[in-house]
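[1] next input, structure requested:
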Amino acid sequence: MNLFLFICRNADTFESMRKHFIDNIRCLIILLLIPYHAAQAFNTWGELNYFLFYPDKAISSFIVFCSPFYMPVMFLLAGISTRYALKKRTYGQFVIERVKRLIIPFVFGTLFFCPIMAYIGDKTNYGYDGGFLAHYKIFFTKWTDLSGFDGGFGVGQFWFLYFLFVISVAGLGIIYLSKLIFKKERAGSLPFWALCLFVIPLPFLYDLLTVGGKSFAEYLYVFLIGYFVLSNDVLLEKTEKFRYVSLAVGVIAGIADVYMFIWSGIDFGLINTIAKALTEWFMILALLGIGKHLMDNSGKVAKYLSQRSFLFFSIHFLWIVLFQFWFSGLIGDKTFLSYLVPVICAYIATFACAEIAFRIRLLSFLMGTKSKHRAG
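    Coordinates of the predicted model:
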């Protein structure tokens, strides 16, 4: 309870200066979406995908290692960014900005990108032999698990956008209440070991308020930690100081998680869940610390990627699915090439499409970013 009081009472004492390493970490995560999503076509646990090759333990290990922290760090960064955004915006302005940045690209992506991916999913998983236009009707009338892998309605990667919108609005309510309840006080600092304790609730949150296998409770938790805790410069400096300690714990826990889930052939249950939680939290701390130490700058490359990162996010998954579908008959059962070739082609096509969209105001707006003309 004392820890919670510390967090809330010091909510208004954090610096509002822009942190370039936050943008750079976000860009790095988004760039890695292509190999991450491409690897799902090789999963060993029998999960459907828009397109499946065959199970491969090595490629699946990459997914299992990254998945505990991959999206949580995005929600945590969103929480930190919310701290800075509310220094310059009213609550109403913040919600309007979230609608433009999240809801509009969510609707656009779901209407125009997801039906194509669902069509390929239906063809490869269930043998659908009709045309795409006929399948467009199926997409909007067949409701199952929102994945689209079975040809039904799905939101693809855009689940992140509606999750983030709901969490941002819910978080705004919590932030408002915290300001009413707790007085403003001079900022203090938590020791690094106290930061480590934030891992404790995670195993209990994984199965709470889940939609499509993803937990609103988990992501809201890390979002709020980002806002209330890790937007504090003093605490960020502690993540930088202990970055390699966090990295060591995160990597060891991640390797254990991969071994138990992929290679052991044994169900370790709670132990596996604990390893997942340790991987998630300590890799988040490591990414923040390493990012602050090495990536707190804004050069031409960083600016280029930052301006196009949201476009890259919106477009990338469609190209992965298309290239895996197109190349499947040409490459055959050569795992390395069947994974690598679509990845390379998807990077090229995604960057090209992002560059085109960046120069067209309407497309940029529909995909939640500023066009070249506005960003100029």
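[2] please count neighbours and contacts with C-alpha atoms only from this point.
    Will do.
[3] helices along the stretch 201-350 of the chain, start to end?
    In the stretch 201-350 of the chain, helices defined by DSSP state H, counting those that start in this stretch lie at 202-205, 216-228, 233-241, 243-258, 270-294, 300-331, 335-358, listed in chain order.
[4] looking at the ones you listed, which is nearest to Ser61?
    Closest to Ser61 of those is helix 243-258 (C-alpha to C-alpha; 5.8 Å).
[5] next one: the closest one to chain centre, how far?
    Chain-centre distance of helix 243-258: 19 Å, with C-alpha atoms, centre = their mean, to the nearest Å.
[6] who touches stretch 327-337?
    For stretch 327-337, contacts defined as C-alpha atoms under 8 Å, 6 or more residues apart in numbering pick out 53, 56, 338, 342.
[7] ok, the nearest residue to Leu202 once chain neighbours are set aside to Leu337 distance?
    Spatially, and ignoring its direct neighbours in sequence, Leu202 is nearest to Ala277 (5.9 Å; C-alpha to C-alpha, 6 or more residues apart in numbering). Separation of Ala277 from Leu337 (C-alpha to C-alpha, to the nearest Å) stands at 33 Å.
[8] next, the contact list for the closest residue to Ile59 other than its chain neighbours, please.
    Leaving aside its sequence neighbours, Ile59 sits nearest to Ala39 (C-alpha to C-alpha, 6+ apart; 5.9 Å). Residues in contact with Ala39 (C-alpha under 8 Å, 6+ apart) are 59-60, 62-63, 339.
[9] which of those sits closest to Leu102?
    Ile63 (25.6 Å).
[10] which non-adjacent residue is nearest the closest one?
    Ile63 sits nearest to Tyr36 (C-alpha to C-alpha, 6+ apart), 6.3 Å away.
[11] any regions of the stretch 201-350 of the chain where pLDDT drops low?
    Judged by pLDDT under 70, the stretch 201-350 of the chain has its weakly predicted residues at 332-333.
[12] against Leu270, how distant is the residue nearest the centre of the chain?
    For the chain, Met71 is the residue whose C-alpha lies nearest the centre (C-alpha atoms, centre = their mean; 3.1 Å). From Met71 across to Leu270, the span is 22 Å (C-alpha to C-alpha).
[13] picking that back up, what's downstream of the helix or strand harbouring the residue nearest to Ile59, the next helix or strand?
    If you go by DSSP states H and E, Ala39 is part of helix 33-39. For helix 33-39, the succeeding helix or strand toward the C-terminus, using DSSP H and E, is helix 57-70.
[14] who's in contact with the helix or strand just after that next one?
    Reading on from helix 57-70 to the C-terminus, the next helix or strand found by DSSP H and E is helix 72-85. Helix 72-85 has contacts (C-alpha under 8 Å, 6+ apart) with 15-18, 22, 26, 29, 94, 164, 218-220, 222-228, 230-231, 280, 284.
[15] any idea of the angle helix 72-85 forms with helix 270-294?
    Helix 72-85 and helix 270-294 are oriented at 50 degrees to each other (axes from the mean of the first three to the mean of the last three C-alpha atoms, to 10 degrees).
[16] after helix 72-85, next one along is what?
    helix 91-98.
[17] now do the buried residues in that next one.
    Neighbour counts over helix 91-98 (16 or more other C-alpha atoms under 10 Å) mark 94-95, 98 as buried.
[18] likewise stretch 131-145?
    For stretch 131-145, burial by neighbour count (16+ other C-alpha under 10 Å) applies to 135-136, 138-139.
[19] just send those residues back as CSV, with secondary structure, pLDDT and distance to Ser364 too.
    Listed next are those as CSV, based on DSSP: H, G, I helix; E, B strand; the rest coil; pLDDT from 0 to 100; distance: C-alpha to C-alpha, whole Å:
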residue, secondary structure, pLDDT, distance to Ser364
His135, helix, 94, 27
Tyr136, helix, 90, 24
Ile138, helix, 93, 28
Phe139, helix, 94, 25
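[20] roughly how far apart are Trp263 and Lys57?
    Noted for Trp263: a distance of 8 Å to Lys57, by C-alpha to C-alpha.
[21] who's more crowded, those two?
    Lys57 (16 against 13; other C-alpha atoms under 10 Å).
[22] how many other residues sit next to the residue nearest to Leu202?
    The tally of other residues near Ala277 (other C-alpha under 10 Å) stands at 25.
[23] OK, contacts around it?
    68, 199, 202-203.
[24] now render those as CSV, adding distance to Ala354.
    Shown next, in CSV, are the contacts of Ala277 (distance: C-alpha to C-alpha, whole Å):
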residue, distance to Ala354
Pro68, 28
Val199, 37
Leu202, 35
Pro203, 37
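[25] hmm, which of those are the buried ones?
    Here, 16+ other C-alpha under 10 Å leaves 68, 199, 202-203 buried among those.
[26] nearest to Ile174 among these?
    Leu202 (19.1 Å).
[27] alpha carbons only: can I get stretch 358-366 in CSV?
    Listed next in CSV are the C-alpha coordinates belonging to stretch 358-366 (Å, rounded to 0.1, in the frame of the first residue of the first chain):
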residue,chain,number,x,y,z
PHE,A,358,3.4,9.1,-46.1
ARG,A,359,3.1,11.3,-49.2
ILE,A,360,-0.7,11.0,-49.5
ARG,A,361,-2.6,13.0,-46.9
LEU,A,362,-5.8,10.9,-46.9
LEU,A,363,-3.9,7.6,-46.5
SER,A,364,-1.7,9.0,-43.8
PHE,A,365,-4.8,10.3,-41.9
LEU,A,366,-6.6,7.0,-42.3
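[28] and it, what's buried?
    Buried positions in stretch 358-366, judged by neighbour count with 16+ other C-alpha under 10 Å: 358, 361, 363-366.
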